[in-house]
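Asks: Predicted structure and sequence below. I'll ask about it afterward.
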Amino acid sequence: AGGVRAQFSDPVNIALGQRGLEAFERFASRPGGEIDLHQNGYLFLLDNADDVRVFEESVRLQNSLGVPSRIVSVAEACALSPLVSPEGLLAAAYSPRDGHCTPEAVVQGYASAARRFGARIVTGCEVTGIVVSDGEITAVRTSNEDILTSVVVCAAGAWAGSVGDMAGVDLPVRPLRRQIRVTEPLPWLPAGVPMTIDFGSTFYFHPEGRGLLFGMSDPSEPFGFDVGVSDAWLERLAPVVTRR
């Protein structure tokens, strides 16, 4: 969904989020490229008193580490994100520096810069194993060839756990399909709408071009590498969208 934020509840993820934001803010010069970064903020809508208390604590931690987040009233939340219905809301958490960008543009920007500095990027080539001898990596096996190396950087995302297994390293990463949809152009869509998350239901949306990108987690989705698209989850989504 392209979201970038530093609104997290633990110091490590907050620091990672801040470094990510800094990298995306200077992306045009390093590594270079347009990623369509929109820093309209992240807005978490809260309809549960316990969640409000947790977010208040997280905001205090974030502020102590330099994140400009704050708890806002329901009225301010609806002003920030005018599509939102206030029904049942108690408060919201907002950080103006957060936002969203275009994921594939980020990938292409890093790839283009890597090539300029001599990297060779091989596509359509499966990594099938990592050779470890006496506790040291010696090679990476692929469907094309074996590559001799003493260092492997795992940047495999949802497949990271599988890559870790090849080297005998337990990485607790489990893949889970998440689906999104993008609406047709909406001429009435106001400018500057933040990434808006209905925390209790996990429904979220943000502007995408002239339309709206939206999604929601599916508790019935099993862990696995299914990358197919289905409409079954939309039946659960519809009443949440109607209410919120």
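Replies: Structure received.
Asks: burial measure for the residue nearest to Trp159 when sequence neighbours are not counted, as a count.
Replies: Sequence neighbours aside, Pro175 is the residue nearest to Trp159 in space, at 7.2 Å (criterion: C-beta to C-beta, 6 or more residues apart in numbering). All C-beta atoms are positioned from the backbone trio N, CA, C, and that covers glycine. For Pro175, the tally of surrounding residues (other C-beta atoms under 10 Å) stands at 15.
Asks: State whether Pro175 and Ala158 are indeed in contact, as I suppose.
Replies: Yes: using C-beta atoms under 8 Å as the test, Pro175 is close enough to Ala158 to be in contact (3.9 Å).
Asks: intersection of neighbour lists for these two?
Replies: Phe225 (C-beta atoms under 8 Å, 6 or more residues apart in numbering).
Asks: element containing Tyr204?
Replies: strand 203-208 (DSSP states H and E).
Asks: just checking, next helix/strand downstream of that strand?
Replies: Using DSSP H and E, the helix or strand that directly follows strand 203-208 along the chain is strand 211-215.
Asks: Wait, a strand at Gly200?
Replies: No: looking at Gly200 with DSSP: H, G, I helix; E, B strand; the rest coil, it is coil, so not inside a strand.
Asks: ok, now which ones touch it?
Replies: Listed by C-beta under 8 Å, 6+ apart, the contact partners of Gly200 are Leu45, Leu46, Asp47, Asn48, Asp51.
Asks: Now which of these would you call buried?
Replies: In the contacts of Gly200, burial by neighbour count holds for Leu45, Leu46, Asp47, Asp51, counting by 16 or more other C-beta atoms under 10 Å.
Asks: hang on, the earlier thing: where does the residue nearest to Trp159 land on pLDDT?
Replies: Note on Pro175: pLDDT of 95.
Asks: what does the one 3 residues further on give?
Replies: The score at Arg178 is 92. That number is its pLDDT.
Asks: just the one 4 residues further on next, same as before
Replies: Looking at Val182, its pLDDT is 95.
Asks: Please name the bridge partners of it.
Replies: Leu213 (DSSP bridges).
Asks: if we can go back for a sec, contacting residues around the residue nearest to Trp159?
Replies: Listed by C-beta under 8 Å, 6+ apart, the contact partners of Pro175 are Ala158, Trp159, Gly161, Phe223, Gly224, Phe225.
Asks: That one and Arg210, how far apart?
Replies: Look at Pro175 and Arg210: by C-beta to C-beta, to the nearest Å, they are 32 Å apart.
Asks: now swap in Leu65 and tell me
Replies: 36 Å.
Asks: Check Glu56 too.
Replies: Distance, Glu56 to Arg210, using C-beta to C-beta: 36 Å.
Asks: Please apply the same query to Val169.
Replies: Computed with C-beta to C-beta, the distance linking Val169 and Arg210 is 45 Å.
Asks: which is the next helix or strand following the host helix or strand of Glu104?
Replies: Following DSSP H and E, one finds Glu104 within helix 103-116. Where DSSP H and E defines the elements, the next helix or strand beyond helix 103-116 is strand 127-133.
Asks: Past that following strand, which element shows up next along the chain?
Replies: Counting by DSSP H and E, the next helix or strand C-terminal to strand 127-133 is strand 136-142.
Asks: contacting residues around that next one?
Replies: 122, 125-132, 146-152, 167.
Asks: repeat that with 7 Å
Replies: 125-131, 146-152, 167 (C-beta atoms under 7 Å, 6 or more residues apart in numbering).
Asks: Run through who's touching stretch 154-164.
Replies: Counting by C-beta under 7 Å, 6+ apart, Val127, Asp170, Leu171, Val173, Arg174, Pro175 sit against stretch 154-164.
Asks: pull the CA atoms of that stretch into CSV?
Replies: In CSV, the C-alpha atoms belonging to stretch 154-164 read as follows (Å, rounded to 0.1, in the frame of the first residue of the first chain):
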residue,chain,number,x,y,z
CYS,A,154,18.7,-11.1,2.9
ALA,A,155,16.2,-8.6,1.4
ALA,A,156,13.6,-11.1,0.4
GLY,A,157,10.6,-9.7,2.2
ALA,A,158,7.9,-12.3,2.7
TRP,A,159,10.4,-15.0,1.5
ALA,A,160,13.0,-14.0,4.2
GLY,A,161,12.2,-16.9,6.4
SER,A,162,12.8,-19.4,3.6
VAL,A,163,16.2,-17.7,2.8
GLY,A,164,17.1,-17.8,6.5
